[in-house]
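Participant: Structure for this input, please:
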Amino acid sequence: MLAELAADVLLDFTGEDGEPLAALEYIRRAAERALPVVATDLAVPYRLEGEEISPSMPGEHREAWLIRTKVLVCHLLRAQAAQRVDFSSGDKRMSRASEAGSFASLEKDLVEEYAALVKKLNPPADETLIKLEAQPLIYRIGSRRHERN
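Facilitator: Numbers count the residues shown, from 1 in each chain. Model (predicted):
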């Protein structure tokens, strides 16, 4: 199932020249990283065992996994695009200024789509991954008193 998911993501991230925008190895790793997040959000203990997922994943859960993987790939592509430079030579100019912004916009849309799908599949799900249960202590200068014996 991992190979099929990576192939599906690769289809969506292929350039105009037919070349992949991200390496298949990275997409596989992104899918592996996305699975625990999806399992937590959907409250199903999914595990990757080789190429297969245990327990069996229904179609809508696979769609959530696919979207979450695409978010991670967009994050990589946005970082790569941000490093590219604009250049000009004579009367020709090459500008890649909007490429990083386009990937950021796509990433934002995918995150919203993922959140809506998780809310539909698991209504009691919390939208945050980490819950802060600590209460911070606030110290002010002069608030500590020294005891004298």
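Participant: got a list of what A34 touches?
Facilitator: Listed by C-beta atoms under 8 Å, 6 or more residues apart in numbering, the contact set of A34 reads W65, R68, T69, V71, L72. Quick note: C-beta positions are derived from backbone N, CA and C, even for glycine.
Participant: what sits up against stretch 58-78?
Facilitator: So stretch 58-78 is contacted by 1, 5-6, 8-9, 12-13, 21-22, 26-27, 30-31, 33-35, 37-38, 41-42, 44, 46, 57, 100, 103-104, 106-107, 110-111, 113-114, 117-118, 121 (C-beta under 8 Å, 6+ apart).
Participant: Which of those residues are buried? Put it as a PyMOL command.
Facilitator: Buried residues within the contacts of stretch 58-78, by 16 or more other C-beta atoms under 10 Å, are selected in PyMOL with:
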select buried, resi 1+5+6+9+13+21+22+26+27+30+31+34+35+37+38+41+42+46+57+100+103+104+106+107+110+114+117+118+121
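Participant: quick one on the thing from earlier: neighbour-wise, which of the contacts of A34 leads?
Facilitator: Counting neighbours by other C-beta atoms under 10 Å, T69 leads these with 26 neighbours.
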